[in-house]
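**Q** pasting the sequence and the predicted coordinates here, then a few questions.
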Amino acid sequence: MHRVLKIEWDAVAGILAAVVAIMLHFLHVIDTEVLSVITLVLIAAMFLRLLRSEHGQRRIAAGLDRGERLLGQLARNTKPPDVLVIGPRELRRASTGFARDAAGEMVWFNVCLSMFERQALFDALLLPAIENPSVTAINFVLDKRQQPQWERDVWPKVVDCNGTEKVSAPKWTSLDEDVSFILADIPAAGTAECLLSFWGEPFMARHVGRDVPRYIFHVTGHSELIERLAELDREHRLSG
């Protein structure tokens, strides 16, 4: 059916008319003058068809040009999001992927160490960063009240990993901040990015005496928030 619709019927009709006219001329049904008139009519019809085809092509080209300009304008005016919200179902996958994609120095600021109590969570969240050859240093900035948890639940697991030497002793300080983040360079993005979370509901959930992240925010590199978080890390590392 599509092939039939694509047939240019005006051209077929012109060809048939020419063939019939020539046959009638050979049969002496029509004379030469009539054949000449038919020929001129067919030439004129073909010329008009050519003009119509060129006009259609110009309209198509103009439409494509307008479409390209519109797409370019939309691309220039569309700003990628500064922050992406990651829900409970994607938390582990996103955190593991971030650790594997990171490079250079990673900063773990005010993170809840209770999430490393279980070996499975340690293996999903911190181990990929320790074993990532592109990560050269892992620095923790933690509230000093978490020091017993570090010595009991985290450090014994760290020393069993390949790459233990890149994990520095935490910077212990007094942190009253509700903010928690993991900051690192992401080569694929060409800039630093971070995973940001907040203590308390609704961002953290309480499970058997420990706080577990429920929602985190992936802050992309073009966000102004990245520089502010880096300043917050420097302030606390230089304090005391």
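**A** Everything's here; your move.
**Q** could you give the mean pLDDT of the helix or strand hosting residue 108?
**A** Residue 108 is part of strand 103-109, with elements assigned from DSSP states H and E. What strand 103-109 shows for mean pLDDT is 95.
**Q** buried ones in it, by neighbour count?
**A** 103, 105, 106, 107, 108, 109 (16 or more other C-beta atoms under 10 Å). For the C-beta atoms, the positions are set from N, CA and C on the backbone; glycine is no exception.
**Q** make CSV out of these and add distance to residue 171.
**A** CSV is the format used below for these (distance: C-beta to C-beta, whole Å):
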residue, distance to residue 171
103, 21
105, 13
106, 14
107, 10
108, 10
109, 9
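**Q** from the residues you listed, which two are the most distant?
**A** Farthest apart among the buried residues of strand 103-109 by C-beta to C-beta are 103 and 109. That separation is 18.0 Å.
**Q** before we move on, back to that, counting by contacts, list what the strand holding residue 108 packs against.
**A** Strand 103-109 sits against strand 135-143, strand 179-186, helix 225-238, with contacts defined as 3 or more C-beta pairs under 8 Å, 6 or more residues apart in numbering; DSSP states H and E.
**Q** got the buried residues for whichever helix or strand comes after it?
**A** As assigned by DSSP H and E, the chain's next helix or strand after strand 103-109 is helix 119-125. Judged by neighbour count using 16+ other C-beta under 10 Å, the buried positions of helix 119-125 are 121, 122, 124, 125.
**Q** show me where this structure has strands.
**A** 83-86, 103-109, 135-143, 171-173, 179-186, 191-198, 204-207, 210-213, 216-219 (DSSP state E).
**Q** what's the closest of those to residue 165?
**A** That would be strand 135-143 among these, by C-beta to C-beta, at 9.6 Å.
**Q** contacts for stretch 146-166?
**A** 113-114, 116-117, 119, 122, 126-127, 130-132, 135-138, 140, 142, 167, 170, 172 (C-beta atoms under 8 Å, 6 or more residues apart in numbering).
**Q** out of the residues you listed, which are buried?
**A** For the contacts of stretch 146-166, buried by 16+ other C-beta under 10 Å: 113-114, 116, 122, 126-127, 130, 132, 135, 138, 140, 142, 167, 170, 172.
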